[in-house]
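Trainee: Whatever this is, show me its structure:
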Amino acid sequence: MGCFATCGKILLVVVNLFFLVIGLVFFVAGFFCKFGNDTLKTYYQGALDSLSSSLSSSGFGSVDLSSFDITEVIGTLGVALIVTGSILMVITIFGFIGACCKVKCMLIGYCILVSLVLIGQIIFIGILFGNKTLITDEIKNPLKSSIQSDYQGLNGTNIVSLAWNFVHIQVKCCGVDNYQDFTGATQWITHYASLGYSLITPLSCCKELPSSTDFSCAASPTTSNNYKDTSCFDSIWDLALGNVGLMAGIFAGLGLFQLLLIVFGICLLLDGRKNRVGSSPPQSQRDRRRKRWDD
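Mentor: Have a look, this model is predicted:
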């Protein structure tokens, strides 16, 4: 085995073992996002208590938020993590066993799988930085539809209301794009005649949740008392993918690294083939052995 092939084998074994662990972490994280509400509740219970206290002091009475299940909000993320982790584990198992034991079919499968992932990343990056609306619109439209049909306001107890109120408070934003996403929401009560207020934004968009029946921050919102023009989607998107230079560098580095893994996999395949050819006896020697056997 040549020095380059030996280095490639060691690198493939170490790298695939590392990403096998990463894939397992993704899988476990996805499992908790999908099914681990009891575990995750300790991390967001404080925000629910704050919201419940604000509702009580604002005249909404005691609102039961115990039914809030964050897995209903991030369940889709959980499924994505489970799928990603599973795919990553399958690929890395192919690479680890193929490189460690020099199993030809697994090395071929590994090179093909990594090549497909690399092609998929190139397409995704092209869409992400070329025309990201193809991706964002597919995410935004269902979110806006759920607001229009299910959002009930600060005192709402269904999952859509609780989720949006939670996001508004934690991310300090208002709506998918802005407060206008809530205009015309069928279940949202905006008129409080007894108090003399007609809400323009949800109360949870206020920079400070009302501690009394003073709803002026939502009835007459300004940028000083309300997050009315701050997009929740853009805030979260920028947090995750907003640094274009950094993300481009990460994707480029990841692509080059994957290309290097493919090259090393091919080198191991060629080295194994060369060793098999080199270990075969010469044709004349095989003929002499066959002749002696016949005699």
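Trainee: Mind pulling the model confidence for P221?
Mentor: Looking at P221, its pLDDT stands at 93.
Trainee: ok, the nearest residue to I135 once chain neighbours are set aside to D177 distance?
Mentor: If the residues on either side of it in the chain are set aside, I135 comes closest to I127, at 6.1 Å by CB to CB, 6 or more residues apart in numbering. C-beta here means a position set from N, CA and C on the backbone, and glycine is covered the same way. Distance, I127 to D177, using CB to CB, to the nearest Å: 20 Å.
Trainee: okay, the two: which has more neighbours?
Mentor: D177 (17 against 13; other CB atoms under 10 Å).
Trainee: quick one: secondary structure of the more buried one?
Mentor: coil (DSSP: H, G, I helix; E, B strand; the rest coil).
Trainee: From here on, call the first residue 29.
Mentor: Taking 29 as the first residue, the last one we looked at is D205.
Trainee: quick one: contacts for it?
Mentor: With contacts defined as CB atoms under 8 Å, 6 or more residues apart in numbering, D205 is in contact with 168, 259, 261-262.
Trainee: Tell me where the stretch 129-278 of the chain has strands.
Mentor: For the stretch 129-278 of the chain, the strands defined by DSSP state E, counting those that start in this stretch cover 219-220, 225-226.
Trainee: Quick check: which of the ones you listed is buried the most?
Mentor: Highest mean neighbour count among these (mean count of other CB atoms under 10 Å): strand 225-226, with a mean of 16.
Trainee: tell me what that one is packed against?
Mentor: strand 219-220, helix 244-247 (3 or more CB pairs under 8 Å, 6 or more residues apart in numbering; DSSP states H and E).
Trainee: between the ones you listed, which gets nearest to F54?
Mentor: Among the helices and strands packed on strand 225-226, helix 244-247 comes nearest to F54, with 39.5 Å by CB to CB.
Trainee: For that closest one, name the packing helices and strands.
Mentor: strand 225-226.
Trainee: Which residues does the strand it packs on contact?
Mentor: 218-220, 243-244, 246-247.
Trainee: before we move on, what about stretch 276-292?
Mentor: By CB under 8 Å, 6+ apart, stretch 276-292 touches 35-37, 39-40, 43, 123, 139, 142-143, 145-146, 149-150, 153, 157.
Trainee: same thing but 7 Å
Mentor: For stretch 276-292, the external contacting residues (CB atoms under 7 Å, 6 or more residues apart in numbering) are 36, 39-40, 43, 139, 142-143, 145-146, 149, 153.
Trainee: Equivalent analysis for stretch 114-123, please.
Mentor: Residues contacting stretch 114-123 (CB under 7 Å, 6+ apart): 40, 44, 47-48, 50-52, 54-55, 134, 137-138, 141-142.
Trainee: out of those, which are buried?
Mentor: Buried subset of the contacts of stretch 114-123 (neighbour count, 16 or more other CB atoms under 10 Å): 40, 44, 47-48, 51, 54-55, 134, 137-138, 141-142.
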